[in-house]
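Enquirer: Could you look at this predicted model? Sequence included:
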Amino acid sequence: FLSHPNKDHYQGFFFINERYKINKFIINDGPFVSQTYKKLVNNLKKNKVSILNKFQGDQINILNDRFLFIWPTRNYFSTNDNDYSHLIFFQENSFKVLFTGDASPKILNLIGENYYYKNLIANITLLKIPHHGSKKGLNKKFLSIINPKIAVISVGKNNSYGHPDKEVLKILKAKKVKIKRTDIDGDIVFKIKNFNF
């Protein structure tokens, strides 16, 4: 899965494509496609990788589990490339995850206003915090809807952007959400079968 074609999200796939056999690569191109991204897609095609574009309402089932694509819609247009980030809902039994890419507050609020998706993502287990914990991502309104138990922030150590933002950490702590960060914890792995709810 690639949330959207921003270099900091897809650059590592060049190495993954060289090292591993990939069957399917799930993307959402949007209108912001660079020459470097096109090179990645061509490399994947050379390795006979199936490339699938997924949009709101599409679903992938693996045994009894599912990945449901909540955003973007097929006809959406924005001048902000982050607004095309996939929002993907994953569920395995009662373990529910929301992946958010670099989604902006505008997109999160749109999803929060949709009755079906609002109920689906309420009280999830795990939230991947949007946009590396930037203040241009998570907001109080959306956090109160999803009410996660755990938040994962994918962020580089001592990054030049100052991510994660202090306000984002503050609203997570106020809701007593357990926070895991890649800059502090390194790789973060959840073993669902041994997970205590």
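Expert: In hand now; what should we look at? Residues are numbered from 1 along each chain as shown.

Enquirer: which stretches of this protein form helices?
Expert: Remark: helices assigned in the chain by DSSP state H are 7-10, 13-19, 35-46, 105-112, 115-120, 140-146, 166-174, 182-185.

Enquirer: Highest mean neighbour count out of those helices?
Expert: Counting by mean count of other Cβ atoms under 10 Å, helix 105-112 has the highest mean neighbour count of these, with a mean of 19. C-betas here are computed from N, CA, C, even on glycine.

Enquirer: What lies in contact with that helix?
Expert: Outside helix 105-112, the residues within contact range by Cβ atoms under 8 Å, 6 or more residues apart in numbering are 70-72, 83, 85, 87, 100, 117-118, 121, 130, 136-139, 141-142, 145.

Enquirer: Buried subset of the residues you listed as a ChimeraX selection?
Expert: What follows is the ChimeraX syntax for the buried subset of the contacts of helix 105-112, where burial is set by 16 or more other Cβ atoms under 10 Å:
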select :70,71,72,83,85,87,100,117,121,130,136,137,138,139,142,145
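
Enquirer: Need the helices of the chain in JSON lines (columns: distance to Gly57 and mean pLDDT).
Expert: Compiled in JSON lines, the helices of the chain are given as follows (distance: least, Cβ to Cβ, whole Å; pLDDT from 0 to 100):
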{"stretch": "helix 7-10", "distance to Gly57": "23", "mean pLDDT": "90"}
{"stretch": "helix 13-19", "distance to Gly57": "25", "mean pLDDT": "94"}
{"stretch": "helix 35-46", "distance to Gly57": "24", "mean pLDDT": "94"}
{"stretch": "helix 105-112", "distance to Gly57": "13", "mean pLDDT": "95"}
{"stretch": "helix 115-120", "distance to Gly57": "10", "mean pLDDT": "96"}
{"stretch": "helix 140-146", "distance to Gly57": "19", "mean pLDDT": "95"}
{"stretch": "helix 166-174", "distance to Gly57": "29", "mean pLDDT": "97"}
{"stretch": "helix 182-185", "distance to Gly57": "31", "mean pLDDT": "95"}
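
Enquirer: Of all those helices, which one is nearest Ile60?
Expert: helix 115-120 (15.7 Å; Cβ to Cβ).

Enquirer: what helices or strands is that closest one leaning on?
Expert: strand 65-71, helix 105-112 (3 or more Cβ pairs under 8 Å, 6 or more residues apart in numbering; DSSP states H and E).

Enquirer: Distance to Val155 added to those, as TSV?
Expert: Below are the helices and strands packed on helix 115-120 laid out as TSV (distance: least, Cβ to Cβ, whole Å):
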stretch	distance to Val155
strand 65-71	22
helix 105-112	18
